[in-house]
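1. Mind folding the following:
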Amino acid sequence: MLALCCKCVLFGDDAMEPLLLGRKEAAAALGICLRMLDYMIAQGEVAVRRVGRRVLIPRTELEKFASAREPAKKAGTDGTES
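-> Purely as a prediction, here's the structure:
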């Protein structure tokens, strides 16, 4: 009998990627530190799902954040006066 872990479901030879990632996996996927991800979650920049005590980030949220344009800087924040 084939035992499957909760993180993957096998379909033939291909493993399906998880739809929800833990904080550490999400931070690694974005190439940022865990502290920065926690800050982004607190600011509402990345939506999360909570399952019990676990904080899980949908893969689609990571893709949306990664492909989003950087927000425009506010006037006067670049050190020049207007």
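2. so where's this structure uncertain?
-> With pLDDT under 70 as the threshold, the chain has low-confidence stretches at 1-15, 71-82.
3. ok, 80 please
-> Confidence mapping of the chain against pLDDT under 80 gives the ranges 1-15, 69-82.
4. Residue 25 in helix, strand or coil?
-> helix (DSSP: H, G, I helix; E, B strand; the rest coil).
5. That one: neighbouring residues, count only.
-> 16 (other CB atoms under 10 Å). C-beta coordinates here come from the backbone N, C-alpha and C atoms, glycine included.
6. Show me the helices in the chain, by range?
-> For the chain, helices defined by DSSP state H occupy the ranges 23-30, 34-42, 59-67.
7. To residue 51, which of those lies closest?
-> For those, proximity to residue 51 was assessed by CB to CB; helix 23-30 is nearest, at 12.5 Å.
8. Convert the closest one to CSV, retaining C-alpha atoms only.
-> Only the C-alpha atoms of helix 23-30 are listed here, as CSV (Å, rounded to 0.1, in the frame of the first residue of the first chain):
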residue,chain,number,x,y,z
ARG,A,23,5.3,30.8,6.7
LYS,A,24,8.9,29.4,6.3
GLU,A,25,8.1,27.9,2.9
ALA,A,26,6.3,31.1,1.8
ALA,A,27,9.2,33.3,2.8
ALA,A,28,11.7,31.0,1.0
ALA,A,29,9.5,31.0,-2.1
LEU,A,30,9.6,34.8,-2.1
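9. Please identify the buried residues of that helix?
-> Using 16 or more other CB atoms under 10 Å as the burial criterion, the residues of helix 23-30 that qualify are 23, 25-27, 30.
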